[in-house]
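**Student:** Everything below, folded, please.
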Amino acid sequence: MSRIGSYFIFLGTLFHNREKARVYFSLILNECVSIGVGSIFIVALVNTFIGAVTCVQTAYNLTNPFVPKNIIALIVRDSTILELAPTLTCIVLAGKVGSNIAGELGTMRITEQIDALEVMGINSGSYLVLPKVIASVLMFPLLVIMAAFLSILGGYIAGTLAGVISPEEYVSGLRLDYKPFGIVFALIKTVSFAFLVSTISAYQGFMVKGGALEVGSASTSAVTNSCIAIVVADFVLTQVLLT
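**Tutor:** Okay, the predicted model is just below:
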C-alpha cells in the first residue's frame, strides 16, 4: 500500500510547478518519435500475424456446415477491435516503451542527473516524465488503430490464401452486425493503458536507488507491473463500458 500511495504522490508532482508550455513542445515531439515511430515495426509485425492466426484457427474450429463462412471475418473483426489490438499492442509496448522509460530515468537517477535538475530549481518529475506521458497518450491510440487495420488485413490475406474463406465472404463478415462503439471502446482502453504504462514505468525508474543492477530490476518491474495494470484495467473497463 505504501508503494501505491507513493505512486499517486508521484503523479501529483507531474502537474505541480510545471515549466512553460513552449518548453514541453520539442520534448513531446521527440518522445512521440521515440515511442510512436520507433514502435511501428514490432506492432505491425505482431498484429499482422495475430490476425492471420486468428482467422485460420477460427476457420479450423468452425466445422459445422450450417455456420456461414463470413462468421470467421466477424470473429476476427470483433476480437481484434475489442481485445487483441488494444490489449495485446499495449502489452507489447509495455515491454518496449515501458522498459525504455524505466531504464532511461533509472540511469539518470543513479548518475545524479535528476538531482542536478532539482538543484537548478526544475521540477524534474514534470520536466522528464510529463512529456513521456503525453506522447504515450497521443501515440498509443495511433499505433492501436494501425494494429487493428493490419490485424484484419492479415486475417484477410491468410484466409484467402489458405482457401478457408473467399474475399467476398470476408468483406461481408466484416460488415455484418457492426457496432461503431467498439472503436470508441478500444480507444478508451488504449488511452487508459497508455497512461498506466508510461506513469508506472516512469515511477519505477524515477525511484531507483543503487546502481546498474537496480536499474535492470526497475525495468523488469516496470514491464511486470504495467502488464498487471493493463489486464486489471481491461477487466474493469469492460465491466463498466460493456455491461
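
**Student:** neighbours around the closest residue to residue 127 other than its chain neighbours, how many?
**Tutor:** Excluding the flanking residues, the one nearest residue 127 by Cβ to Cβ, 6 or more residues apart in numbering is residue 19, at 6.0 Å. Where C-beta positions appear, they are placed from N, C-alpha and C, glycine not excepted. The number of residues packed near residue 19 is 13, by other Cβ atoms under 10 Å.

**Student:** Could you measure from residue 60 over to residue 48?
**Tutor:** In this view, residue 60 and residue 48 are 19 Å apart by Cβ to Cβ, to the nearest Å.

**Student:** ok, these two, which is more surrounded?
**Tutor:** residue 48 (20 against 11).

**Student:** what residue lies at the spatial centre of this structure?
**Tutor:** Nearest to the geometric centre of the chain sits residue 90, at 2.2 Å (Cα atoms, centre = their mean).

**Student:** Pass me the low-pLDDT residue ranges in the chain, would you?
**Tutor:** 1 (pLDDT under 70).

**Student:** What segments of it are helices?
**Tutor:** Residue ranges of the helices in the chain, as given by DSSP state H, are 2-14, 21-35, 40-61, 70-79, 89-93, 99-110, 113-119, 124-162, 167-175, 181-206, 212-242.

**Student:** Could you identify which of these is most buried?
**Tutor:** helix 89-93 (a mean of 25; mean count of other Cβ atoms under 10 Å).

**Student:** That one packs against which elements?
**Tutor:** Helices and strands touching helix 89-93, as assessed by 3 or more Cβ pairs under 8 Å, 6 or more residues apart in numbering; DSSP states H and E, comprise helix 40-61, helix 124-162, helix 181-206, helix 212-242.

**Student:** Show me what the third one packs onto, helices and strands only.
**Tutor:** Judged by 3+ Cβ pairs under 8 Å, 6+ apart, helix 181-206 is in contact with helix 2-14, helix 89-93, helix 99-110, helix 124-162, helix 212-242.

**Student:** Tabulate these (a markdown table), appending distance to residue 56.
**Tutor:** Listed next are these as a markdown table, based on distance: least, Cβ to Cβ, whole Å:
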| stretch | distance to residue 56 |
| --- | --- |
| helix 2-14 | 42 |
| helix 89-93 | 20 |
| helix 99-110 | 31 |
| helix 124-162 | 6 |
| helix 212-242 | 25 |
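
**Student:** Between those, which one is closest to residue 70.
**Tutor:** Smallest distance to residue 70 across the helices and strands packed on helix 181-206 (Cβ to Cβ): 10.7 Å, for helix 124-162.

**Student:** Quick check: closest non-adjacent residue to residue 212.
**Tutor:** residue 110 (7.4 Å).

**Student:** Out of the helices and strands packed on helix 181-206, flag the one nearest residue 205.
**Tutor:** helix 99-110 (3.1 Å).

**Student:** Show residues contacting that closest one.
**Tutor:** 34, 114, 128-129, 132, 198, 201-202, 204-212, 214-216, 218-223 (Cβ atoms under 8 Å, 6 or more residues apart in numbering).
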